[in-house]
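J.: Pasting a predicted model and its sequence here:
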Amino acid sequence: MRRDVIVFDIETVVDADSARRVLRLPDISDAEARDALSDYFLEKTEGRNDFPRQPFHQVVAISYGHLIREPGEEGGEMVIRRLGTGGDSSSSEQEILEGFFHLIEARAPQLVSFNGRGFDVPVLKYRAMAHGLSCPRWFTQGDKWNGYDTRYSNEYHCDLLELLSDFGASARCSMDEVAAAFNIPGKLETAGDNVREMFESGQIEAIRDYCETDVLSTMLIFLRHQLFSGALTEGAYARAILGVRNYLESESESRPHLAEYLKAWDQG
């Protein structure tokens, strides 16, 4: 398995420019374009779903949890190195995407997501192409059985939604539902439905903070699966969890959303 593990999540809003183009309505406002695109997909699906398809999602934030696989006396260990979000609150979508795909080119890490194959990765690839970006290593890393686009191999991309549902053989549970079952924090006060309102009111830092807490929940679910699969022994798992807790405690004073997450974790 890969030494570098990147647990990631993205937050998006409807790209108003793309919406205006597909709707042939060049003069409507951003808010009107987002509303109209929802109506467009509601009509297209005969009232079943107003959620815009992946090419129309503008990436607002990509957050990362960087874990390192290290050898230990009992086998593999997982050590947290950093939790953060690409760029800053003023970064353009193109800059955010360039950071993500540069990470692939530079490190070729194992990616860990929750529904990354269904949503996050298609969005990232569509939006990268919309900006004329290039990432050859995405397509050349690995072999015919193992790669970033290989669905049934977890070496380069472990999508926990796919893995836990046996690739759709059983029910696909939300991350919040799995977190509740595992007694770890899920959604706090913010949910994905709030992101558009936050974006339109300029609360970019709050979106970035929210994205980081989703990464934490994904990371804890991933570590639980590593224990279950035997990739981590009970001792290694306990040390990995302690490492995450120590990291949150060390960052809590300067990053209040991490203190809030830690408090929710303690309350169980």
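T.: On my side now, so go ahead. Residues are numbered from 1 along each chain as shown.
J.: From here on, just use CA atoms for contacts and neighbour counts.
T.: OK.
J.: Mind jotting down where the helices sit in the protein?
T.: 16-23, 30-44, 93-107, 121-130, 136-140, 160-164, 175-181, 195-200, 204-229, 234-251, 256-267 (DSSP state H).
J.: Any chance of TSV for the ones you listed, columns distance to Gly87?
T.: Shown next, in TSV, are the helices of the chain (distance: least, Cα to Cα, whole Å):
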stretch	distance to Gly87
helix 16-23	22
helix 30-44	23
helix 93-107	6
helix 121-130	15
helix 136-140	21
helix 160-164	26
helix 175-181	25
helix 195-200	16
helix 204-229	10
helix 234-251	19
helix 256-267	18
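J.: Kindly reformat the ones you listed as a markdown table containing mean pLDDT.
T.: Converted to a markdown table, the helices of the chain look like this (pLDDT from 0 to 100):
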| stretch | mean pLDDT |
| --- | --- |
| helix 16-23 | 97 |
| helix 30-44 | 96 |
| helix 93-107 | 97 |
| helix 121-130 | 98 |
| helix 136-140 | 97 |
| helix 160-164 | 97 |
| helix 175-181 | 95 |
| helix 195-200 | 95 |
| helix 204-229 | 97 |
| helix 234-251 | 97 |
| helix 256-267 | 94 |
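J.: a markdown table please, covering those and showing mean neighbour count.
T.: Shown next, in a markdown table, are the helices of the chain (neighbours: other Cα atoms under 10 Å):
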| stretch | mean neighbour count |
| --- | --- |
| helix 16-23 | 18 |
| helix 30-44 | 18 |
| helix 93-107 | 17 |
| helix 121-130 | 18 |
| helix 136-140 | 13 |
| helix 160-164 | 20 |
| helix 175-181 | 16 |
| helix 195-200 | 16 |
| helix 204-229 | 20 |
| helix 234-251 | 17 |
| helix 256-267 | 16 |
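J.: Which one, of the ones you listed, ends up nearest to Arg82?
T.: Closest to Arg82 of these is helix 234-251 (Cα to Cα; 8.2 Å).
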